[in-house]
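In: heads up, no residue letters with this:
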Ligand SMILES: CC(C)(C)c1cccc(C(=O)NCC2(NC(=O)c3cccc4nocc34)CCCC2)c1
């Protein structure tokens with residue numbers, strides 16, 4: 001976070017309007033309006049020196065597709081670096097990167113500014129990555145058209161952790177049972193619909209019973225659907241017994 005406690009993202013991308021959408025809606029838009037969040041886009045095409053303003057070229061060694069050239073990217077990153085004094089980390093969104101998870105998002109949210117580099121075509125000339133990139137980050141193992149959607153995911157996940165961005169901390173996703181459990185089921189009016197009724201405990205007004213039920217559901221759903229996430233949580237005795245209760249009921 002910077003002095004104001006906010007965070008600034010400088011995104012190097014061929015599609016500035018695309019990434020700007022990440023901060024044009026909901027809590028992120030409000031955070032921008034309040035100066036807690038800033039996004040500045042830098043288009044490498046503005047730094048392409050040749051007559052055709054080319055940002056890509058054919059790959060050495062042959063093969064299909066094009067490769068993003070070093071110079072336009074290097075000059076766009078340089079422009080971003082000089083735009084604001086303090087040293088910024090350059091993160092390249094890339095399939096070769098370290099897989100993003102909430103632990104990494106927490107770490108990234110400690111920065112006051114981040115420069116995000118988005119690839120297109122077949123990828124970026126390796127010498128630009130060697131010279132300018134501090135780390136590569138991937139959002140997962142699927143083929144995408146560019147690094148812009150991954151950059152928007154990083155922006156959304158990190159922005160939510162900036163103090164003041166979320167109305168009330170501990171809301172969606174920041175599960176209050178300790179890091180890393182899946183969400184419990186959610187219900188709202190009407191109390192019954194399509195023959196399915198809201199669990200009675202949620203109507204009881206017994207806040208302790210509600211909290212217990214929600215924790216048990218979060219533990220049980222994580223055990224059922226994503227057991228590998230459970231490995232990472234250090235469950236205390238109470239959580240372990242709640243989970244056992246869920247498992248006993250589940251196995252009938
Ligand atoms: C993962 C696996 C399926 C094995 C694979 C192997 C080889 C290439 C690609 C691939 O998608 N290449 C295309 C580009 N992909 C990404 O930028 C990208 C993709 C996925 C997650 C990401 N997180 O950040 C950026 C990401 C790279 C250059 C333009 C887009 C994917």
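Out: It's in. As the structure is a computational prediction, the values presented were derived from the model and not from experiment.

In: Kindly provide the distance from the residue of the stretch 151-252 of the chain found nearest the ligand to residue 61.
Out: Of all residues in the stretch 151-252 of the chain, the one sitting closest to the ligand is residue 151 (7.7 Å; Cβ to the nearest ligand atom). Heads up, the C-betas are built off the backbone N, CA and C, glycines and all. The gap separating residue 151 from residue 61 is 28 Å, by Cβ to Cβ, to the nearest Å.

In: same deal with residue 26?
Out: Counting by Cβ to Cβ, the gap from residue 26 to residue 61 is 45 Å.

In: right, and the helix or strand after the helix or strand encompassing residue 104?
Out: Applying DSSP states H and E as the criterion places residue 104 in helix 102-108. Per DSSP H and E, helix 102-108 leads on to strand 113-118 as the next helix or strand towards the C-terminus.

In: Which elements pack onto that next one?
Out: strand 7-12, helix 70-83, strand 89-99, helix 148-159 (3 or more Cβ pairs under 8 Å, 6 or more residues apart in numbering; DSSP states H and E).

In: neighbour count winner among residue 151 and residue 61?
Out: Per other Cβ atoms under 10 Å, whichever of residue 151 and residue 61 has more neighbours is residue 151, with 28 against 5.

In: ok, that one touching residue 118?
Out: Yes. Between residue 151 and residue 118 there is a contact under Cβ atoms under 8 Å: 5.2 Å.

In: overlap in contacts of these two?
Out: By Cβ atoms under 8 Å, 6 or more residues apart in numbering, residue 151 and residue 118 have these common neighbours: 11, 13, 19, 93.

In: Of those, which ones also sit close to the ligand?
Out: residue 93 (Cβ under 6 Å from any ligand atom).

In: Tell me the backbone dihedrals of residue 46, please.
Out: The phi and psi torsions at residue 46 (degrees, to the nearest 10) take the values phi -70, psi -10.

In: and it, how many neighbours?
Out: 13.

In: ok, now which ones touch it?
Out: Neighbours of residue 46 in contact, by Cβ under 8 Å, 6+ apart: residue 76.

In: From the ligand, how far off is it?
Out: According to Cβ to the nearest ligand atom, to the nearest Å, residue 46 and the ligand sit 20 Å apart.

In: what's the answer for residue 13, then?
Out: When residue 13 is compared with the ligand (using Cβ to the nearest ligand atom), they lie 11 Å apart.

In: nearest residue to that residue other than its sequence neighbours?
Out: Spatial nearest neighbour of residue 13, excluding adjacent residues (Cβ to Cβ, 6 or more residues apart in numbering): residue 118 at 4.3 Å.
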